[in-house]
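**Q** Have a look at this prediction, sequence included:
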Amino acid sequence: MITRSGTALAVASVAVLVAGRVFGLPELYLMGATGLVLVAAAVVQVRRPVPRLDVERVVHPRRVHLGGQSRVELRITNVGQRRAPVLTLHDPVAGTIGARVSLAPLGPDDRQAASYRLPTERRGLVRAGPLQAERTDAFGLARRRFPVAEQTALTVLPAIEPLVGLAAGGGLDDPLAGVAHPVLGSAGDEDFATLRPYVVGDDLRRVHWASTARSGDLLVRQDDPPWQGHLTVLLDAREGRLNHDRFEQAVSAAASLLHAVAARGDRARLVITDGVDTGLVDARAGRDTLLERLALVERHPGERLPEVAADGRSRTGGLVLVTGAPDAADLAALAAHRSRFASVRIVSIADHLAAPAGRAGAPDLVPVPPGGSFAAAWSAALRPAGRS
């Protein structure tokens, strides 16, 4: 492929040849011909057989929280019998101009290492590649690119804020509550509640094989140990509720809640208005899966909040809706959940919000100013009730 410089030289050479013909100057003929020969020689040089390179590319770590550090390490080996010329490796990275690494000439069996950082300023999947090697001539008139490694990806997880009011204590059926529910048996006793589909991170020993054989799908026993609390986080991803920046803040708040539940050793359930419902899982074992769900969530069209079914018993566990400014329909929907959960809260990321005080069954409100600290707002909301 001819570069811009090569194209410019070729056009200029043709113009000089034309001028030489018009004015009858042999010198101009010579200059124009020389320019065209240089361009042709450059194309021939880069079209030579490509070197045989073995490229090992490692992303470490493959999952990182927003703003963290992740690097790509390259190990290049010349596995051919010819000396590899000077090459430039180009790795396209989504959302950036990509990474470029220059390689010195490599003899047969020679090795070289290089590395570069991946961007982690945006939540989601950062795709890199396919990695390409670029060969150019000495004058930069022509270049040729050829692939040397497949595409890879980095998962940027949401930012986490430590929550004081949720991470300490144990034995609470509701992680948001201030007192423990009575323990009905020894730590080894369990109250069988229901069956649910298998989720990555579940203990395979909990698979109910008889029901799995009948249904054809892996089903897991939803054991309900009275000493283990559980929290359902409902993330509002409906378009129009939150702009981009506030939605990112909402995703971070949901991730912080799930991280805190995992730190307690309790169970968690993530429900998103786009249809995602993980069911109740051991938050500690399924933490990575829950956070990866949040890493990939995007806003979607929608009008109503989904109905969140309880786990089979009434008034157990906690429910937290993370949204913008809830409207009357949202408040009515959450009020109906009062009979299903021990506590219901709204984490509202909005400029101005009137607390739903005075309404029967109204959920508790945790107002978070846009751009403010969710952890501070959470602690402030719990403090008046003596739950900080």
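**A** Happy to help now that I have it. Numbering: from 1, shown residues only.
**Q** Tell me the gap between stretch 322-333 and the middle of its chain.
**A** How far stretch 322-333 lies from its chain's middle: 27 Å, per CA atoms, centre = their mean, to the nearest Å.
**Q** Can you point out the buried residues in it?
**A** Within stretch 322-333, the residues scored as buried using 16 or more other CB atoms under 10 Å are 322, 323, 324, 325, 326, 330, 331, 333. In this view, the C-beta of every residue, glycine as well, is placed from N, C-alpha and C.
**Q** so where do the helices sit in the stretch 51-200 of the chain?
**A** Taking DSSP state H, counting those that start in this stretch as the test, the helices found in the stretch 51-200 of the chain are 164-167.
**Q** where does it have low pLDDT?
**A** Where the stretch 51-200 of the chain drops to pLDDT under 70, the residues are 165-194.
**Q** go with 50
**A** Within the stretch 51-200 of the chain, the segments meeting pLDDT under 50 span 167-172, 177-192.
**Q** and the residue nearest to residue 333 when sequence neighbours are not counted, what is it in contact with?
**A** The shortest distance from residue 333 to any non-neighbouring residue, by CB to CB, 6 or more residues apart in numbering, is to residue 305 (4.9 Å). Residues in contact with residue 305, defined by CB atoms under 8 Å, 6 or more residues apart in numbering, are 234, 236, 273, 321, 329, 330, 333, 334.
**Q** so what's the backbone phi/psi at the first one?
**A** The phi/psi pair for residue 234 (degrees, to the nearest 10) reads phi -110, psi 110.
**Q** Let me see the contact set for the residue positioned nearest the centre of the chain.
**A** By CA atoms, centre = their mean, the mean C-alpha position of the chain lies nearest to residue 124, the distance being 2.8 Å. Counting by CB under 8 Å, 6+ apart, residue 124 touches 155, 156, 295, 296.
**Q** Quick check on those: which are buried?
**A** 155, 156, 295.
**Q** okay, now residue 161: neighbour count?
**A** Using other CB atoms under 10 Å, residue 161 is surrounded by 18 other residues.
**Q** no, scratch that, I was asking about residue 75
**A** Residue 75 sits with 14 neighbouring residues when counted by other CB under 10 Å.
**Q** partner residues bridging it?
**A** residue 56, residue 113 (DSSP bridges).
**Q** Please tell me I have it right and it contacts residue 89.
**A** No. With contact defined as CB atoms under 8 Å, residue 75 does not count as touching residue 89 (11.8 Å).
**Q** before we move on, back to that, and which of the buried ones among the contacts of residue 124 is nearest residue 14?
**A** residue 156 (49.9 Å; CB to CB).
**Q** who's the closest one bridged to?
**A** With DSSP bridges as the rule, residue 156 is bridged to residue 64, residue 124.
**Q** I'd guessed residue 2 sits against residue 141; true?
**A** Yes. Using CB under 8 Å, residue 2 makes contact with residue 141 at a distance of 6.8 Å.
**Q** could you point out where the stretch 251-388 of the chain is predicted with low confidence?
**A** Judged by pLDDT under 50, the stretches of the stretch 251-388 of the chain that qualify are 357-358, 385-388.
**Q** That'll do, ta.
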